[in-house]
Every structure is written in structure tokens, then in C-alpha cells.
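J.: Build me a model from this:
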Amino acid sequence: MVSNQPLVTIITNTKNRANLISRCIKSIQMQTYLNYEHIIADGGTDNTKQVVEAYEDPHIKYISVPVGGPIVQTREAFKISKGDFITFLDDDDEYTPEKIEKQLELILSLPEDYFIYGAMTYYDNDTKEELRIHKAEFKGGKEILPIAVANPVICGTPTLMFHRKTFESVGGTWIAGIGNEMSDWALGCKALKQGWKVAALNESYLRIYVNHGGVRMSDPRFYKNNAERNIKFHIYFLTEYADVIKENPKSGIIHYQNLIRYYVSIGLYGKACGVWKKLLIASFSLKSLALYPYVCSKKIFCENKS
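T.: Model (predicted):
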């Protein structure tokens, strides 16, 4: 059990999810740790406000944020928050009852320059079948940045917990202008780059639901111009962490591969070939070599079709 009782702020961004948000609210109400505030930032136009207010829960603060998307929603929620620690829950997911308690036990056992993340379990929304577990295994500071840039391992929005000063130092919201309006991956890397350290809660206290007919706000597919947004996102990583990738070329592989795929999807074959050459330098392999005929075949197919 947590001996002292710091206030924990839980931020939930939502948009036209009145049919899903009750699961999120109820899971927070079931927490074994009771000193929390739950701020729901609503960017939609449905009856979410009425659903939330029907709970008459003094822990809940509802705010309407009709413009700006998740970045503005989170910023406005953080502005009115009072918590010593900041964490999150997506509107379509749920905590298990000990989530906040276990997170606090871990983060309070660490020096104050740490933030934490954790494992999470994915479920099919319709069948409630367990699909997979996203493990959390990494701990450290800047020395693990090459791993964090290379793959989305320091991630999982609802598993993140920050000291208030840490979250404020990384901007008090998600990173703007990078193509993904709510990227936990990018935020975790930014915190590490600034000199903060991360630790992992190895057990899963999160239930993440998929296949409920909607797309997550943290998924670029939630927005229009998916290819353009993804291109911007991976260029951001290649630019922001150019020094990391220069020292550790394999850290750029996933970003090169995705850029090739998205450039091809919108017919920018010349750009795709340019990125392919950089990929070969980072990783000369049969898999990398095979991407060139893939690009050429797509180009020829489209030319013949037209």
C-alpha cells in the first residue's frame, strides 16, 4: 500500500464516444487508491457531457474543448489539474482496480527524475478475448534512447505516469506538429532526450480494447490525410534524433521502412527510392534490398493503369 496520499490526476480525452466512456469511468471508480481527480476533456458534439454528469462523481471534472484536438484537450486538462502525478486513460479502455496503487508504489520508490510506463493487455471489444500483451522491459535514461527511437517500446498512453514537474517540462501535453496528435512514443523519447529516466511496471494493469468499430485518437488513422501525417511523423523522428541515428544507424530502420511505404502509397516513387538508399546504408539486408523492386513494381503498375 502507498503510505502517503499524493493526489493523482487522470486525464481522459474523448470525442463523440458517449457509448464507450462509461467503461473508462467505472474502472477508475473501482480503484483501490482513492485520492485522485479524473479530468474528462471532451472535444465532441454528442451526449458525452450528459453521460458523465449522470455519475455525479465529485472526483470527475468535465471540460468542453471543442477545437484543437488531443493536444489542446490535454493542455487544458493539465491547466486545471491539481495532481502531484499525471497519468491517462483513453475513453475506450479500462484500468484494473490496482492500477493507480501499483504505479504509485513504483514511482515513489524511485528518484524524482524518473517517469514510468508499463505493460498492457489487448482485448477484442466484442468477444472480450485476450489478444496479446505489450510488455514493458526497459529502464534507464539517455543510454536507452537508441532503443526507444528504433521501436515504440516506451509507450502506452494509459501506462504513463509523470511527476507533475516532469510532465510540465515536456510541454504539459503531446507534441504538436509531428503528424500524430497524441504520440506516446514521441513523448517518451522527448522525456529521455531531456534527461529524464524511465522505469517499467512489468505486470499489466491495463485493458486496451480494439475492434469496436472506431479508431483510437492516438492512431494517425483517426485523422484525414493518413499517409501525409505518417510521413511527417517519421521525418520528425529522423530529424529530431539525427544524432542518435548517426551513432546507431539501426535506430532509423523502422522510420525509413515506413517512409518508403507511405511515399509509395501516394505515388512519390522518387522520394521512396531516395529513402531506400538511406535504408541500405543503415541495414544492408535481403529484406532491405527487396524493397527496391517493390517500389519499382508499384510505379510500373500505376503507370500502366493510367
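J.: gap between H234 and L160?
T.: Relative to L160, H234 is positioned 22 Å away (CB to CB, to the nearest Å). From N, CA and C alone the C-beta is placed, and that goes for glycine too.
J.: do G69 as well
T.: Look at G69 and L160: by CB to CB, they are 19 Å apart.
J.: Can you pick out the residue with more neighbours from those two?
T.: L160 (22 against 18; other CB atoms under 10 Å).
J.: Please name the residues that touch the more buried one.
T.: By CB atoms under 8 Å, 6 or more residues apart in numbering, the contact set of L160 is 87-88, 115-117, 184, 187-188.
J.: go with 10 Å
T.: The contact partners of L160, taken as CB atoms under 10 Å, 6 or more residues apart in numbering, are 86-88, 103, 115-118, 154, 167, 184, 187-188, 191, 198.
J.: my guess is Y209 meets D92, correct?
T.: Yes. The criterion here is CB atoms under 10 Å, and Y209 meets it with D92 at 5.5 Å.
J.: so what sits against both of the two?
T.: Common contacts of Y209 and D92 (CB under 10 Å, 6+ apart): 20, 23-24, 125, 216.
J.: These in helices, which ones?
T.: Counted as lying in helices by DSSP state H, out of those, are 23-24.
J.: Which members of the shared contacts of Y209 and D92 define the maximum pairwise distance?
T.: R23 and R216 (14.2 Å; CB to CB).
J.: Compare those two (neighbour count), which wins?
T.: Taking other CB under 10 Å, R23 and R216 do not tie; R216 has more neighbours (18 against 15).
J.: Pull the number of nearby residues for the residue nearest to A282 when sequence neighbours are not counted.
T.: What sits nearest to A282 in space, not counting adjacent residues and going by CB to CB, 6 or more residues apart in numbering, is P249, at 4.1 Å. Applying other CB under 10 Å, we find 16 residues neighbouring P249.
J.: How about the contacts made by P249?
T.: 146, 256, 278-279, 281-283.
J.: now, which of the residues you listed lie within helices?
T.: Using DSSP H, the subset of the contacts of P249 located in helices is 146, 256, 278-279, 281-282.
J.: Any of those buried? List them.
T.: 146, 256, 278-279, 282 (16 or more other CB atoms under 10 Å).
J.: coming back round to it: identify, from the shared contacts of Y209 and D92, the entry nearest to K99.
T.: Of the shared contacts of Y209 and D92, the one sitting nearest to K99 (CB to CB) turns out to be C24, at 12.1 Å.
J.: Need the pLDDT of the closest one.
T.: Per-residue pLDDT puts C24 at 97.
J.: Check the gap between it and D92 for me.
T.: Taking CB to CB as the measure, C24 falls 7 Å from D92.
J.: Show me whatever sits in contact with both of the two.
T.: Common neighbours of C24 and D92, counting by CB under 10 Å, 6+ apart, are 12, 14, 17, 209.
J.: Can you convert the buried ones among the ones in helices among the contacts of P249 into a markdown table and add a column each for distance to Y263?
T.: A markdown table is the format used below for those (distance: CB to CB, whole Å):
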| residue | distance to Y263 |
| --- | --- |
| P146 | 25 |
| Y256 | 11 |
| K278 | 12 |
| L279 | 12 |
| A282 | 17 |
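J.: what about the strands in this structure?
T.: Assigned by DSSP state E, the chain shows strands spanning 8-14, 36-42, 60-64, 85-88, 94-95, 114-124, 130-134, 161-163, 197-210.
J.: all helices of the stretch 51-200 of the chain, in order?
T.: Using DSSP state H, counting those that start in this stretch, the helices of the stretch 51-200 of the chain run over 69-80, 99-108, 145-150, 164-169, 184-194.
J.: Low-confidence stretches in this protein?
T.: Along the chain, the parts satisfying pLDDT under 70 run over 1-3, 212-225, 284-306.
J.: For it, which residue occupies the most central location?
T.: Residue closest to the average C-alpha location in the chain (CA atoms, centre = their mean): D184, at 2.7 Å.
J.: mind checking how far that one is from K277?
T.: For D184 relative to K277 (CB to CB), the value is 31 Å.
J.: and what of D92?
T.: Look at D92 and K277: by CB to CB, they are 41 Å apart.
J.: and what of G252?
T.: Going from G252 to K277 by CB to CB gives 13 Å.
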